[in-house]
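Novice: I would like to see how this sequence folds:
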Amino acid sequence: MRMIRLTAALAVATVLITPVAAQISVFPAGGREPMQIPPPGRQLKTGTGRIKGRLIAADTGNPVRRGQVRLSGPDVMPKSVTTDNDGRFEFKDLPAGAFTINASKSGYVAVNFGQKRPFEPGRPVELIDGQSVDNADITLPKGSVISGRIMDEFGEPVADTQVSAMRSTWSNGKRRLQPSGRTATTNDLGQYRLYGLPPGDYYVSATLRGDRMQEMVVTEMAAMAVRTASTVAAGAPEGPTAGYAPTYFPGTPNGNEAQKLTVAVGQDAQNTDFGLFPVRLVRVRGSVISSEGRPAEGVTVTAAPRNANESGPLFLGTATARTDSNGNFTLTGVAPGDYTLNTRTTQIFTSGGDGNAMTFTMMRSEIGGGAAGGGQESGSVPLSVSGEDMSNVIIVTTKGATATGRVVYEGGSKPTTSSIRISAAATDQDGPMALVSGSSSVTPEGTFEIKGLSGPRIFRVSNIPPGWVLKAVKVNGTDITDNGIDIKSAEAISGVEVILTSKVTEVKGSVKAGNDPALDYTVVIFSDEPEKWRAPTSRHIATGRPNQQGQFVVKNLPAGSYYAIALEYIPQGEWNDPEILERLKSKATTFSVTEGEVKTLDLRLEGM
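Specialist: Model (predicted):
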């Protein structure tokens, strides 16, 4: 058994490492914009550059005192400062580069530098060696508020209910409801208050969690995440038989029936009251059997809602349990619905903590007989729950496949040092299991081996050396870069080639509004092949925002033919929606780019 200790200052920040990302994203408390931590192996830099600015309240024009301002960039650790009595802030000792700045204060909307509209990406602040930018001012609008009461079916207040403001966004190939970043917990009067919201459309969800449900995201190496909720060991006391389903305003368990709330800047949408939807909770009993026919002891079984993608947040309504020495498990408090029971070999336990920090211990057990026959295994079965307890649910795990391959460098000399990792993310699962990815570091000889794989997988690279980009992933000569490969259990996948190229593309240019240069816009670039819009993680869609001179730069597009359009406003992430891209292509400019080419475009500002 292997143990990894991970300490996180939960009161300060939440850390998320995504399987296909080249860096760690840190979401600071009080702000929703991530700061980027340089990946391992990237050399941090210092310099003599400076960025100065002020935080100003949009409604009064007064300085925002004691506001939090955060800076991140590719070659620096994230920095954070607090504004003074005049609302001023300053970052020193910066190298040349492009930096992201985010500002927040309680009661205001968290805003990036250059952001003028809700859910719009910010603009980079670009420095050359020794430069000082003195006017990086940010205007903070008053946050909107949604408030109300949560009640039970008798009209009585319900305390300790988690309430979230959700948005309908396009993510991972589907439109789904996702948390906007703001949550609240009801008090003893059932009251909640969601504050600091940008103006826009929201759906409000409520989930009764209580002290027995806790959500966490932890990682091992480049990517691994497990969600625990209602963890109950087999043989533990029976859970409740009545409870409440995750409920959406105005009182429905179905996210498709949720009512949209539209709030303006600084608006307080009071009296958004609704009742939790009562359901009979059931127990699901079963067992986990390894591929060798032995009971699987100490593994986690998770019941993940199958409809979470279209009608709800990814992490709501998940129940988990651990198997006993006989491989038996009992899930309690399961609401009626359609689920997928998943089991894997990784468990997460809370091992300690205090008021400011919590320590997690990650334990990886081996299913199937230890050293002689062990190895990572996983299994899943569909499950439909009505209003009756269920028993004799059997999950048979299988040994995953092993993928072996090598990294190939084209167009330049192999980097002398590298901390490249290859990951194989599952593309057929959503929620917590979608965050679980097999991964491997690359040896000095350029080879890698990833174990425990099954089902549809897509290979991606993290910690790519500067000046290189992913060109293709091939298996025995077949290109699987964008659509991945369906791996059968226990088969060996050899001949995987991950091809990196130093011939990096660059698309740059300017935009005009009428006869005048446009200084505020978003450029959306997308492939002229619609099937590439729907790839699990599309490399063929990219965006750019203007720098201080009104110029945009988009790098690392694969060679090919594209559409490009400059829009006055498009909410973040909406450019991944195929319906929107289909609508935009008739007004877009077409162009092609080859490997290593620098393409210059002159675009005109268009409306959505």
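Novice: C-alpha from now on. contacts and neighbour counts both.
Specialist: Will do.
Novice: so where is the stretch 101-250 of the chain shaky, pLDDT-wise?
Specialist: Low-confidence segments of the stretch 101-250 of the chain, defined by pLDDT under 70: 172, 209-241.
Novice: give me that answer again for 50
Specialist: 210-237 (pLDDT under 50).
Novice: Let me see the ranges of the helices in it.
Specialist: With DSSP state H, counting those that start in this stretch, there are no helices along the stretch 101-250 of the chain.
Novice: ok, now the stretch 451-600 of the chain?
Specialist: 578-584.
Novice: Strands along that one, start to end?
Specialist: Per DSSP state E, counting those that start in this stretch, the stretch 451-600 of the chain carries strands over the ranges 455-462, 469-475, 478-479, 485-487, 492-501, 506-513, 516-517, 522-527, 541-544, 552-555, 560-567, 589-593, 598-606.
Novice: packing partners for the fifth one?
Specialist: Read that as strand 492-501. Applying 3 or more C-alpha pairs under 8 Å, 6 or more residues apart in numbering; DSSP states H and E, one finds that strand 492-501 contacts strand 401-410, strand 469-475.
Novice: give me that answer again for 10 Å
Specialist: If contacts are counted by 3 or more C-alpha pairs under 10 Å, 6 or more residues apart in numbering; DSSP states H and E, strand 492-501 sits against strand 401-410, strand 447-453, strand 455-462, strand 469-475, strand 478-479.
Novice: Could you list the alpha-carbon positions for that strand in PDB?
Specialist: Output in PDB follows, covering the C-alpha atoms of strand 492-501 (Å, rounded to 0.1, in the frame of the first residue of the first chain):
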ATOM      1  CA  ALA A 492      -1.500  -4.100 -24.200                       C
ATOM      2  CA  ILE A 493      -1.300  -0.900 -26.300                       C
ATOM      3  CA  SER A 494       2.200  -0.500 -27.700                       C
ATOM      4  CA  GLY A 495       3.600   1.800 -30.300                       C
ATOM      5  CA  VAL A 496       2.200   5.000 -28.900                       C
ATOM      6  CA  GLU A 497       4.000   8.000 -30.300                       C
ATOM      7  CA  VAL A 498       3.500  11.400 -28.800                       C
ATOM      8  CA  ILE A 499       5.000  13.900 -31.300                       C
ATOM      9  CA  LEU A 500       6.100  17.300 -30.200                       C
ATOM     10  CA  THR A 501       7.200  20.000 -32.600                       C
END
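Novice: Tell me which of the strands of the stretch 451-600 of the chain is the most buried.
Specialist: strand 522-527 (a mean of 25; mean count of other C-alpha atoms under 10 Å).
Novice: re the thing from before, so which of the helices and strands packed on strand 492-501 gets nearest residue 147?
Specialist: strand 455-462 (41.5 Å; C-alpha to C-alpha).
Novice: now the strands of the stretch 451-600 of the chain as CSV including distance to residue 397 and mean pLDDT?
Specialist: Below are the strands of the stretch 451-600 of the chain laid out as CSV (distance: least, C-alpha to C-alpha, whole Å; pLDDT from 0 to 100):
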stretch, distance to residue 397, mean pLDDT
strand 455-462, 13, 89
strand 469-475, 26, 95
strand 478-479, 29, 95
strand 485-487, 15, 89
strand 492-501, 17, 94
strand 506-513, 46, 96
strand 516-517, 61, 94
strand 522-527, 40, 97
strand 541-544, 37, 96
strand 552-555, 43, 96
strand 560-567, 42, 97
strand 589-593, 46, 97
strand 598-606, 50, 96
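Novice: export the ones you listed to CSV and tack on distance to residue 393?
Specialist: Output for those, formatted as CSV (distance: least, C-alpha to C-alpha, whole Å):
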stretch, distance to residue 393
strand 455-462, 22
strand 469-475, 37
strand 478-479, 39
strand 485-487, 25
strand 492-501, 30
strand 506-513, 54
strand 516-517, 65
strand 522-527, 46
strand 541-544, 43
strand 552-555, 50
strand 560-567, 49
strand 589-593, 54
strand 598-606, 56
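Novice: so which of the ones you listed gets nearest residue 289?
Specialist: It's strand 455-462; of the strands of the stretch 451-600 of the chain, that one is closest to residue 289 (C-alpha to C-alpha) at 19.3 Å.
Novice: If you count contacts, what does the closest one end up packed against?
Specialist: For strand 455-462, the contact count by 3+ C-alpha pairs under 10 Å, 6+ apart identifies strand 421-426, strand 437-441, strand 469-475, strand 485-487, strand 492-501 as packing neighbours.
Novice: for the strands of the stretch 451-600 of the chain, which one sits closest to residue 96?
Specialist: For residue 96, the closest of the strands of the stretch 451-600 of the chain is strand 552-555, at 16.2 Å, according to C-alpha to C-alpha.
Novice: Perfect, that will be all.
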